Every structure is written in structure tokens, then in C-alpha cells.
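[1] My questions concern the predicted model and sequence given below.
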Amino acid sequence: MKQLTAILIGAGARGSFSYAPYALDYPHELKFVAVAEPDPNRLAQFAQEHGIPPERCYDSWEQLLEQPQLADIAVICTQDRMHYYPTMKALRNKYHVLLEKPMSPDPKECIDMEQAAKENNRLLTICHVLRYTPFWSAIKRLITEGRIGQVASIQLNENVGYWHMAHSFVRGNWNNSDVSSPMILAKSCHDMDVLSWLMDEPCVRVSSYGSLMHFHSGNAPEGSTEYCIDGCAVETTCPYSAPRFYLGESKAWARHFTADLSRESIVQGLKETGYGRCVYKCDNNVVDHQVVNMEFASGATAIFSMSGFTRDQERRIQIMGTRGEIRGEDDKIILMDFVTHEKTEIMLPKQTSGHGGGDSGIVRSFLQEVRDYNGEESLTSAAASVRSHLMAFAAEHSRLNQGKSIELAEFAGSLS
């Protein structure tokens, strides 16, 4: 098996901990030969782990992509609004590109990137990792085999988890759509993609409701402070307490603001970074709950619900067909047959890599697609991603317009 080479642009959590570890686990398949990252600590750590020499370490993607093509693949894991330009440049430099989702918060940029991949005859694969998990692959296979007849309706719940909501979408990098993406893209483009994939037909119209109901200054308790650690009178009884979270329940998540997970460094981070702020006194504007209604070409419908107010971080799905029904959550799928009344339970093994095995699964699949590339699109190609991104853009447009029903064809046409 030919070893492929890669460059990494953006050595944050997704780049360093989700996709790049594949090269350490399977060095005969993949090797990183260059990295671009503005944070010097992250840059040095990634270079050390992957044996990258100093002359191949850059503090900006511009510096890296000014070089002649250094590898087969570019893995791009910058922030949402920093995807477009490095992706376009990498494609023109003839890299096959693995791009973190979402493609871009700008629909025109998404379409441009799809076109650039075609013009340069290169793969542009978007990290919709759910398609590569054993769980979602099994559900797709059951539908494709006709086990429940024709799909009539789907209900999909994304339970974000109260702690993940507070970490990423109130205090963290994806808390403000003006600098990142709206919630339906930043978190739920996975769900739009998997619904598009399972239905396997065009979505024709959407409507959506949702709001920032809870995490705003109007709900700040009396006695609360700007930072949890500054003597907040209600810190001990607040479910969103930053000290309880980062010093206790989920200490590892403190790596998003400090490389040193000692108590002293975490406490310093809680005083000096946004991750220590009161959840009612942040600069967040993304919704904390949202529903989307979808109608597809055949008349089938789907309902999607995202909520930040759940204990667990999980997805639950119910797929109702003309001959049977599928229900799934965690690692368990239940198939019910209307003719035989048989109820089949499918238990999938626990996955060790992130996103239920999707993080390693997408890298493995992408490498094989690069080796065998003959102009065909990948499972989560830019073309496939643009379709589900347009569903998300239309849903957000509906939400901002009091739930108005949006025709996808007209909406897509207005972008050209």
C-alpha cells in the first residue's frame, strides 16, 4: 500500500486530535510533512509528534501554500470563516483536499469550492464524519436493502448536551455567527448531511424555528459575576459552572485553552480566557435550540430538532417506512417489520476513535479514494456537501424570517 503524504493547515483540536492521529497509528499509510499553525505551542507540539523539520513549519497557511506542492493531500482545519481561501489555493496547487465542516458560512463560497475541485481535477472531501461510522452506515444499508420499504418520514434529534453547549457554543469558538457560523451549520450540518444521504432525493422545501432562549444577560442570576471564578454567589449551584467543568467533570476539555492541564494552568485560563466567563455574560448569539421541517421530492418528510438542554451528547433517530421502522440511538439499532412483526436488535461495537469511529473512518476512506482517484466524487464530496449546506442555509433563512417556508430551487437560484 502506497504511503501518502499530507500537509496540515490548522493544528487545533480537529486537526491535531481527530484526523492527524491516523498517521501515527498507520504510518505506512500516511505521513504529515508540513504544518501551518499561528499558535507557536500547537505548532511545536504537532511538529514534534509527527517528526516535521523546522523548515516545514509555518505560522500561516499563506507561507505554506507559497511553496511548491509538498504532498499529495492538504488537510484543512482552520476556523469556519477561514476555509475558503486556503482551500481554493490548495486545489489550484493540485492538492487533494480534506476539509473540516462546514465548508463556509457563505453559500457562494461553497459553490466556488465545489467548482474549483472540478476545474482542478482534485478531490474535495468534506468531513461529514457520520457517514463513515458503523452506526449510520448500518442504517443506510437497511434502507438501501428495502428492509422498511419506502421511507415516508424521519425524526432526528441532536441532543447537544448542556455542557457541550456551554463549552463550544456559548463560551467557545462557535458562539457567534458573525465570526463563525450559525448553529445549523456549525453543529448541525452533520445532521442535514445525514438526512440528505438517507433520503437520497432532493429536498424541495424547508421551514425552521429556533432562538437563543436561555444563554443571555436577561437570565443572569442575581449575584453572578463576569467570570465564574470571581466570587460568583451562585457558582456552586449553577449547572454551567466553568470551575466544576474544567477542574472536575471534564478536565480534558481544558486543552482548548491550555496545553498544561495542571490545576494552576486551568485556574489561570479560567481567569484570562473566554472559557471562564459566565454563560449569561458572553458575546454569543447562536441559537440554543432549533427545529427544521423538510419536504423531499417524493413527498417524504423529515423533522430535525437540535437542543442544547440535554444531559447526554447523542443523536436519536426514528425512520418510518411503508413496510417497517428503524429506531437508533447510541450503538443500538432496532428494526421492526410490519409483515412478520419481527423485532431485530443490532448492537454495534463501541468505537475508539471520535464521532463513533467517523474520524478515523473518513481518513481511511479518503486515502483510498486518493490512491484510486479517477475523477469520481467521494462519499462526502463538495457536491454532496453543497446540497446539504443549502438545506441548512435555507433553514436559517426561514428561522430569521419567522418560519417562512423556503423553496430550495428558488433559494438556490437566488444565490447565482
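    Great, that's in hand.
[2] Could you use CA atoms for every contact and neighbour count after this?
    Will do.
[3] Tell me where the model's unsure across this protein.
    In the predicted model of the chain, residues 352-353, 416 satisfy pLDDT under 70.
[4] For residue 299, give me its contacts.
    Residue 299 sits next to residue 152 when contact means C-alpha atoms under 8 Å, 6 or more residues apart in numbering.
[5] can you tell me how far the closest residue to residue 190 other than its chain neighbours sits from residue 350?
    Closest residue to residue 190 apart from its sequence neighbours, by C-alpha to C-alpha, 6 or more residues apart in numbering: residue 128 at 5.7 Å. Computed with C-alpha to C-alpha, to the nearest Å, the distance linking residue 128 and residue 350 is 20 Å.
[6] Looking at the two, which is more packed in?
    residue 128 (25 against 12; other C-alpha atoms under 10 Å).
[7] tell me the contacts of that one?
    Per C-alpha under 8 Å, 6+ apart, neighbours of residue 128: 101, 189, 190, 193, 380.
[8] Can you pick out the most distant pair from those?
    189 and 380 (12.1 Å; C-alpha to C-alpha).
[9] Let me know the closest of the contacts of residue 128 to residue 336.
    Closest approach to residue 336 among the contacts of residue 128 (C-alpha to C-alpha): residue 193, at 24.8 Å.
[10] Shouldn't that closest one be within a helix?
    Yes - counting by DSSP: H, G, I helix; E, B strand; the rest coil, residue 193 is part of a helix.
[11] Could you check how far the residue nearest to it when sequence neighbours are not counted is from residue 188?
    Spatially, and ignoring its direct neighbours in sequence, residue 193 is nearest to residue 388 (5.0 Å; C-alpha to C-alpha, 6+ apart). Per C-alpha to C-alpha, residue 388 is found 10 Å from residue 188.
[12] Next: residue 371.
    Counting by C-alpha to C-alpha, the gap from residue 371 to residue 188 is 31 Å.
[13] ok, which stretches of the stretch 251-400 of the chain are helices?
    263-272, 358-371, 382-399 (DSSP state H, counting those that start in this stretch).
[14] Just name whatever secondary elements the shortest one is in contact with.
    In this case it means helix 263-272. Secondary-structure packing of helix 263-272 (3 or more C-alpha pairs under 8 Å, 6 or more residues apart in numbering; DSSP states H and E): helix 242-244.
[15] which residues are contacting the helix it packs on?
    Identification of contacts with helix 242-244 by C-alpha under 8 Å, 6+ apart yields 228, 229, 267, 270, 275, 276, 277, 278.
[16] isn't the fourth one right up against residue 229?
    Spelled out, it's residue 270. Yes - the pair residue 270 / residue 229 is scored as a contact, 6.9 Å apart, by C-alpha atoms under 8 Å.
[17] quick one: which of those two has more around it?
    residue 270 (24 against 18).
[18] Apart from its neighbours in sequence, what residue is nearest that one?
    residue 276 (4.0 Å).
[19] Please give me every residue in contact with the one you found.
    Contacts of residue 276 (C-alpha under 8 Å, 6+ apart): 171, 227, 228, 229, 242, 243, 269, 270.
[20] Between which two of those is the distance greatest?
    Farthest pair in the contacts of residue 276 (C-alpha to C-alpha) is 171 and 229. Separation: 14.5 Å.
[21] Next, give phi and psi for residue 40.
    phi -60, psi -30 (degrees, to the nearest 10).
[22] what about it, neighbour count?
    13.
[23] Next up, the contacts around the residue nearest to it when sequence neighbours are not counted.
    In space, residue 40 comes closest to residue 59 once its chain neighbours are excluded; the distance is 7.5 Å by C-alpha to C-alpha, 6+ apart. Residues near residue 59 by C-alpha under 8 Å, 6+ apart: 36, 37, 38, 39, 40, 43.
[24] Hmm, the last one is touching residue 35, no?
    Yes - under the contact definition of C-alpha under 8 Å, residue 43 touches residue 35, with a separation of 7.3 Å.
[25] which residues of the stretch 51-200 of the chain fall in helices?
    61-65, 84-92, 107-119, 134-144, 162-164, 183-186, 189-199.
[26] can you pull the contacts of residue 153?
    300, 301, 302, 319, 320, 321.
[27] Now compare the residues you listed and name the two farthest from each other.
    302 and 321 (12.1 Å).
[28] Okay, and which of the contacts of residue 59 map to helices?
    With DSSP state H as the criterion, helices contain 40, 43 from among the contacts of residue 59.
[29] from the contacts of residue 59, which would you call buried?
    Buried by 16 or more other C-alpha atoms under 10 Å: 36, 37, 43, out of these.
[30] List the contacts of the first one.
    Yep, that's residue 36 we're talking about. Going by C-alpha under 8 Å, 6+ apart, the list of residues near residue 36 reads 8, 9, 10, 11, 43, 57, 58, 59, 60, 61, 63, 64.
[31] repeat that with 6 Å
    Residues near residue 36 by C-alpha atoms under 6 Å, 6 or more residues apart in numbering: 9, 58, 59, 60, 61.
[32] same deal with the last one?
    The contact partners of residue 43, taken as C-alpha under 6 Å, 6+ apart, are residue 37.
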